[in-house]
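Chemist: Sharing a model prediction with you, sequence too.
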Amino acid sequence: MQEGKISKRRRMYEALMKAAMWISVACTCALVAFLILYVLVKGLPHISWSFLSGKPSYLSGNIGILPDILNTVYIVLAALLVVLPLGVGAAIYLTEYAGNKQVVGVIEYAAETLSGIPSIIYGLVGMLFFCQFLNMKTSLLAGALTLVIMNLPTVMRTTQESLKTVPWSYREGAFGLGAGKWRMIRTVVLPGCVDGVITGCILSVGRILGESAALLFTAGFAHALHGIVNGLSSSGATLTVALYVYAKEQGEFEVAFAIAAILMVLTLVINLSAVWVGRVFEKRRRI
Amino acid sequence: MKNKKIFENVVHGVFLILGLITVGCVLLITVYLFAAGIPAIREIGLFPFLFGKTWESTSADPSYGILPFILTSIYGTAGAMILGVPIGFLTAVYLSKLAPKRVKAAVGAAVSLLAGIPSVVYGLVGMLVLVPGIRKLFHLADGASLLAAIIVLAVMVLPSIIKVSITALDAVPEEYEYASLALGATPIETYFKVSVPAAKSGIAAAVVLGIGRAIGEAMAVMMVSGNVANMPGLFESVRFLTTAVASEMSYSSGLQRQALFSIALVLFLFIMLINGVLNLLLKGKKEA
Amino acid sequence: MSDIVTVENMCLWYGEHQALKNITIKIPQKSITAFIGPSGCGKSTFLKSLNRMNDLIQGVKITGDVKYNGKNIYDPSVDVNELRREIGMVFQKPNPFPMSIYDNIAYGPRTHGIRNKAKLDEIVEQSLKDAAIWEEVKDRLKKNALGLSGGQQQRICIARALAVKPKVLLMDEPTSALDPISTSKIEELTVKLKEEYTIIIVTHNMQQAVRISDQTAFFLLGELVEYGNTETLFSTPKDQRTEDYITGRFG
């Protein structure tokens, strides 16, 4: 302690690194705040009941997004309906059945690969396979099935995570009572993975809401109003695709911002509910 | 008894099939991209396709050179990394090591939100804020440019970089940090000279993940980059590999359409390469 | 022989809980002082308060005087980084950084501003020799330190602490995670090091205290029960509690 204080050079380094970190954090926070405020301020004033409940008409010049809202709902429902059994089944296979390490490795590697593939490529392959090869044409169903492939790894992974937390003793207990494997899975494993499935659902809904590139060539961008059955077999834009079309192709920025504001609010809701679900189940598990 | 056994075997078989669906999907995508992408490359020739400098798919004498797209994608991604990595990395160090718990939770939530915002919203804001801003600032005829795309991409890769880096930094054992402090290093010196090197493979994985995101992004980039098949320049209107596919797909036919599939194949190969690197990094971390 | 560390009426609280009560102790330089006592008696806490590693824990409050070379180390004018450079520490679990052996040793000197390669080489070699591990690692200085055995890792950690040329070396149960052979090597090393350094060692192992230390301090429930010459303390303890402990009646 003869010198008393650390050298000037080190104090400079301290100050510099601290400043750099604070600037970075400030940048990140400012960015988030700006994006939220800008989109909401620009978009919320243009949202009205007639906007939400109407459909676009070139005759009257009105723009309504009801068809896009419905299309989004249809596509979310259809995609979840297919992806849940597939994803949960795959996760159950991996944790309960697969004995061979190599098989597990291959499946997990495949899932990782899927989650790294950009959505434009999903769109392209979806178009080639579902629209052309399976002759579904450009339709919500083709779009939904494309999204199924995209979200498969997510559902699989969240389910797997929650299955890992089901204690082995439960399984042994069920076997000990003479239950067959399937019965054990139905009564012990499936109830244990509810939180993973819900989290997977929430994440998938978020991803589907935000998706555009994969849907452009598979689900198309029509704004016609349909019921769910007709809707799935015909072309239609989800909210996100509609935003793109209104902004890029038609220059209707007010509409685009209104949709962006809706999407922003939905994103917020989805994030919060994911956190909330996580917390609720965390608590329940501890009890 | 026998029936029960058959039943169990059937159930096992069903789950096996479900498990193998992901593998099937990867194979499907790979096979389709190769099958659709190879013919045009054969017709055009691999070299003129990859290294041709002009893309004029709709002219009377079309040429299909995708070097401008490849370079734009590489430059755009590199630019986004140059902007995004330092900000993301420093934010991650602050949040992981210095931030009070509440700040960490709040900023963490904000970053998750950033990750959840649809890419078209980024594109929209970029179109209306960034593009006019760049036009005015640099006195250009049009602000839709590589620079605008780089900035949008930098923002979009931030969440991946921050989240994965935080996970890596949080996992650094406290003992390393104590040892450094006990030697008379300050906390900041400790974080940057011990914690960061100890988390380096995780941080590298974060960067590689960001690269994958940036190179695969289509819609946001399409809305701000001007979408002209120029060789890349910071203030030029440019077209990425992704946007090249997206912008012409709806009206293309014949060789032009096939060439678009070939572009997708090139993009796919890039992504597979990046995935491979990512896997190596993550695996290396597990072993260490 | 003068005292390098003197503590007077020192108390330490973790929030509401008082972990150390009125500790008064004088530690002579260039000797080995052992702290013994059952788990949770406060010996480790006390050791860590000597180079202010307790600062890292939230809610710690300290009263009384802790003086190093006559200066109160909790005085606001004291730079904690410089203090820790003078009073080094070796931890219970070997904790070399996940980098090369060379970089581990050079970390401290580099932190304190030594950039000259030749100088660093010299410090690294000298520190490794002082820690009696030079012969074992001189051919693989660029290899990752985590590739070494536990005992070797601990000697690397000692070398790393020596490289910043401290005056005092605090050792927090440095051999509890090691096998007997590694333990005896570290003990030999510690005895050799007292020619140059003041060593304070926390140990669970009473034979170890007897083998290597000059003074022993016995802690119980946050109190310093007895402190004195090791031989005297173990042969004729003054306090009944000390006798009970060293004869193995509890703890």
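Modeler: Good, I have the coordinates. Residues are numbered from 1 along each chain as shown, chains lettered A, B, ... in the order given.

Chemist: Can you give me the buried ones in the helix or strand containing C:Val191?
Modeler: Assigned by DSSP states H and E, C:Val191 belongs to helix C:180-193. Judged by neighbour count (16 or more other C-beta atoms under 10 Å in any protein chain shown), helix C:180-193 contains these buried residues: C:182-183, C:185-187, C:189-190, C:193. Where C-beta positions appear, they are placed from N, C-alpha and C, glycine not excepted.

Chemist: wait, which of those is closest to chain A?
Modeler: Of all the buried residues of helix C:180-193, chain A sits closest to C:Leu193, with 21.1 Å by C-beta to the nearest C-beta.

Chemist: wait, the closest one sits on C:Ile199?
Modeler: Yes - using C-beta atoms under 8 Å, C:Leu193 is in contact with C:Ile199, at 6.1 Å.

Chemist: Pull up the overlap in contacts between the two.
Modeler: Residues within reach of C:Leu193 and of C:Ile199 at once, by C-beta atoms under 8 Å, 6 or more residues apart in numbering or on different chains, are C:Leu169.

Chemist: what pLDDT, on average, does the helix holding C:Val191 get?
Modeler: Average pLDDT, helix C:180-193: 92.

Chemist: Just the CA trace of it, in PDB.
Modeler: Backbone C-alpha positions of helix C:180-193 (Å, rounded to 0.1, in the frame of the first residue of the first chain) are rendered in PDB as follows:
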ATOM      1  CA  PRO C 180      -2.400 -36.900   1.100                       C
ATOM      2  CA  ILE C 181       0.700 -36.700  -1.200                       C
ATOM      3  CA  SER C 182      -0.400 -33.400  -2.700                       C
ATOM      4  CA  THR C 183      -1.200 -32.200   0.800                       C
ATOM      5  CA  SER C 184       2.300 -32.900   2.100                       C
ATOM      6  CA  LYS C 185       3.800 -31.200  -0.900                       C
ATOM      7  CA  ILE C 186       1.800 -28.100  -0.100                       C
ATOM      8  CA  GLU C 187       2.700 -28.300   3.600                       C
ATOM      9  CA  GLU C 188       6.400 -28.400   2.800                       C
ATOM     10  CA  LEU C 189       6.000 -25.500   0.400                       C
ATOM     11  CA  THR C 190       4.200 -23.500   3.000                       C
ATOM     12  CA  VAL C 191       6.900 -24.000   5.600                       C
ATOM     13  CA  LYS C 192       9.500 -22.900   3.000                       C
ATOM     14  CA  LEU C 193       7.500 -19.800   2.100                       C
END
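
Chemist: Write down the beta-bridge partners of C:Val90, one by one.
Modeler: C:Met171 (DSSP bridges).

Chemist: Now do the same contact list for it.
Modeler: C:154, C:157-158, C:161, C:169-172, C:174.

Chemist: now swap in B:Leu95 and tell me
Modeler: By C-beta under 8 Å, 6+ apart, the contact list for B:Leu95 reads A:25, B:103-104, B:107-108, B:162, B:166.

Chemist: And the furthest pair within these?
Modeler: Spatially, the most separated pair among the contacts of B:Leu95 is B:Val103 and B:Ile162, at 13.7 Å (C-beta to C-beta).

Chemist: Which of those two has more residues huddled nearby?
Modeler: Legend: neighbour count by other C-beta atoms under 10 Å in any protein chain shown for B:Val103 and B:Ile162, higher for B:Ile162 (32 against 14).

Chemist: and the gap between the more buried one and A:Leu31?
Modeler: 11 Å (C-beta to C-beta, to the nearest Å).

Chemist: How many neighbouring residues does residue 89 have?
Modeler: In the absence of a named chain, chain A is used. 20.

Chemist: Hmm, no, I was thinking of chain C.
Modeler: Neighbour tally, C:Met89, other C-beta under 10 Å: 25.

Chemist: List the residues that contact the closest residue to it other than its chain neighbours.
Modeler: Of all residues not flanking C:Met89 in the chain, B:Ala182 sits nearest, at 3.8 Å (C-beta to C-beta, 6 or more residues apart in numbering or on different chains). Going by C-beta under 8 Å, 6+ apart, B:Ala182 touches C:51, C:53, C:84, C:88-89, C:91, C:161.

Chemist: Can you redo the residues you listed as a markdown table, where the extra columns are secondary structure?
Modeler: Shown next, in a markdown table, are the contacts of B:Ala182 (DSSP: H, G, I helix; E, B strand; the rest coil):
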| residue | secondary structure |
| --- | --- |
| C:Asn51 | coil |
| C:Met53 | helix |
| C:Arg84 | helix |
| C:Gly88 | strand |
| C:Met89 | strand |
| C:Phe91 | coil |
| C:Ala161 | helix |
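
Chemist: between these, which is nearest A:Phe133?
Modeler: C:Phe91 (63.4 Å).

Chemist: Could you pull up the contacting residues of that closest one?
Modeler: B:175, B:178-179, B:182, C:157, C:172, C:174 are the contacts of C:Phe91 under C-beta under 8 Å, 6+ apart.

Chemist: same thing but 6 Å
Modeler: C:Asp172 (C-beta atoms under 6 Å, 6 or more residues apart in numbering or on different chains).

Chemist: Indicate whether stretch B:15-22 makes contact with chain A.
Modeler: Yes - for stretch B:15-22, a contact with chain A is found by C-beta under 6 Å from any C-beta of the partner chain, at B:15, B:18-19, B:21-22.

Chemist: how about that stretch: buried residues?
Modeler: B:15, B:18-22.

Chemist: Give me the contacts around that stretch.
Modeler: Contacts for stretch B:15-22 (C-beta under 6 Å, 6+ apart): A:86, A:89-90, A:92-93, A:97, A:107, A:110-111, A:152.

Chemist: for chain A, what are the nearby residues on chain C?
Modeler: Looking at chain A, the residues of chain C close enough under C-beta under 6 Å from any C-beta are C:79, C:81-82, C:86, C:113.

Chemist: Now do the residue sitting nearest the centre point of chain C against C:Val90, distance only.
Modeler: By C-alpha atoms, centre = their mean, chain C has its centre lying nearest to C:Leu170, at 1.5 Å. Remark: distance between C:Leu170 and C:Val90 (C-beta to C-beta) = 7 Å.

Chemist: who touches the closest residue to chain C within the stretch 51-200 of chain B in this structure?
Modeler: Nearest residue of the stretch 51-200 of chain B to chain C, counting by C-beta to the nearest C-beta: B:Gly184, 3.4 Å away. Residues near B:Gly184 by C-beta under 6 Å, 6+ apart: C:81, C:84-85.

Chemist: residue ranges for the helices of chain C, please.
Modeler: For chain C, applying DSSP state H gives helices covering C:43-49, C:80-86, C:101-111, C:117-130, C:134-137, C:150-162, C:180-193, C:206-212, C:230-235, C:240-246.

Chemist: Just put the contacts of B:Ala182 in a markdown table and tack on pLDDT.
Modeler: Listed next are these as a markdown table, based on pLDDT from 0 to 100:
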| residue | pLDDT |
| --- | --- |
| C:Asn51 | 91 |
| C:Met53 | 91 |
| C:Arg84 | 93 |
| C:Gly88 | 94 |
| C:Met89 | 94 |
| C:Phe91 | 94 |
| C:Ala161 | 95 |
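
Chemist: Any chance of JSON lines for the residues you listed, columns distance to C:Thr236?
Modeler: Output for these, formatted as JSON lines (distance: C-beta to C-beta, whole Å):
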{"residue": "C:Asn51", "distance to C:Thr236": "33"}
{"residue": "C:Met53", "distance to C:Thr236": "34"}
{"residue": "C:Arg84", "distance to C:Thr236": "37"}
{"residue": "C:Gly88", "distance to C:Thr236": "34"}
{"residue": "C:Met89", "distance to C:Thr236": "33"}
{"residue": "C:Phe91", "distance to C:Thr236": "34"}
{"residue": "C:Ala161", "distance to C:Thr236": "35"}
